[in-house]
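# Give me a model of this one.
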Amino acid sequence: VLGKGFKSEFIDNANKWLTWNGVWTLNTNKGRMQSNGVSGQYSSMYFNEGYYNYEYTVRMKRKTNVFSENSIILHGSPSPMSGTAAWDDGIHFSYSNLGDWILWTTVDGAYTILDNWTLNSAINKFGWNELKVVVNRPFVDLWINGAYLGWYQISTPNEALVGISMYNGGADQPLFVDYA
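Residues are numbered from 1 along each chain as shown. Purely as a prediction, here's the structure:
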C-alpha cells in the first residue's frame, strides 16, 4: 500500500521542506523553490516527514550547467554532513543537461552506482524535467517525463526521508523546482 504522501506546489509556502545545504528560496511570484547551489558541493533540501512505500514526483529545471547532476533522493538521511554536503544515506535518481541520467546509492557515505550515466531522449536539456518514482519496498520504478526507465530492487539504505539536490552551483547555475 502506498503512503498518503504530500504535494508541494510552492505557490505560497514550503511547509515541511528543510534546507540541508545551500540557500533555498521560495519564489511565490513564480510558484517555485530555487537555489543557486554551492560551488563544489551538493545543495539539498528534504521533506521533514518519512515515507516507506510511496509515489514521488518532482518537476525541476537547471537553467545552465551541462554536466552536474540534478536529483531526487529516496530512502534518505542527510546526516552527518560530508565535505561535499552529500547525503550520508539515500538513493539518488539524477539527470544532467547533457541528456543523461544515473541511479546511485549512498550508505554510510559510501557510493555505489546502480545504473551509470545513460543518454535518454526524454530528457529536456535546460528545460523542465519531471522525475517520478514509485517505491514499493524493495522495488523502485523510475520515469523521466513519462518515459519508463525500469525497475530496481534496492534493500539499502533503509531511511525514510525524500529530498531534492543539485551539485556544483554558482550564481549563474540555478535549479528551479516547480513542484514535489
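
# Tell me what T112 is bridged to.
On the basis of DSSP bridges, T112 is bridged to T105.

# List the residues that contact it.
Contact analysis of T112 by Cβ atoms under 8 Å, 6 or more residues apart in numbering lists 104-106. C-betas here are computed from N, CA, C, even on glycine.

# if I look at the residue nearest to the spatial centre of the chain, how far off is H92?
Compute the mean C-alpha point of the chain, and by Cα atoms, centre = their mean the closest residue is I72, 1.5 Å away. Going from I72 to H92 by Cβ to Cβ, to the nearest Å gives 8 Å.

# which residues do these two both contact?
With Cβ under 8 Å, 6+ apart, I72 and H92 have common neighbours S165.

# What pLDDT is listed against G5?
pLDDT, G5: 68.

# What sits closest to G37 if chain neighbours are left out?
Nearest residue to G37, sequence neighbours excluded (Cβ to Cβ, 6 or more residues apart in numbering): G169, at 1.4 Å.

# didn't the one you found look like it was pressed against S39?
Yes - G169 is within contact range of S39, at 6.5 Å (criterion: Cβ atoms under 8 Å).

# For those two, work out which one has more neighbours and name it.
More crowded of G169 and S39, by other Cβ atoms under 10 Å: G169, with 24 against 11.

# need the contact list for the more buried one.
22, 35-39, 41, 43, 65, 68, 175.

# Next, work out how far apart it and V38 are.
6 Å.

# cool, and G170?
Noted for G170: a distance of 8 Å to V38, by Cβ to Cβ.

# more neighbours, the two?
Neighbour count, other Cβ under 10 Å: between G170 and V38, V38 has more, with 18 against 14.

# Tell me who's in contact with that one.
V38 neighbours (Cβ under 8 Å, 6+ apart): 21-22, 85, 169.

# rerun that using 10 Å as the cut-off
Contact analysis of V38 by Cβ atoms under 10 Å, 6 or more residues apart in numbering lists 21-23, 84-85, 166-170.

# can you check V107 too?
Taking Cβ under 10 Å, 6+ apart as the test, what V107 contacts is 75, 88-91, 156-159.

# Swap in 7 Å and give it another go.
Contact analysis of V107 by Cβ atoms under 7 Å, 6 or more residues apart in numbering lists 89, 156-157.

# Give the buried subset of those residues as a ChimeraX selection command.
A single ChimeraX command selects the buried members of these (16 or more other Cβ atoms under 10 Å):
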select :89,157
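
# from memory E49 sits against L18, does it?
No - the pair E49 and L18 does not pass the contact test of Cβ atoms under 7 Å, sitting 10.4 Å apart.
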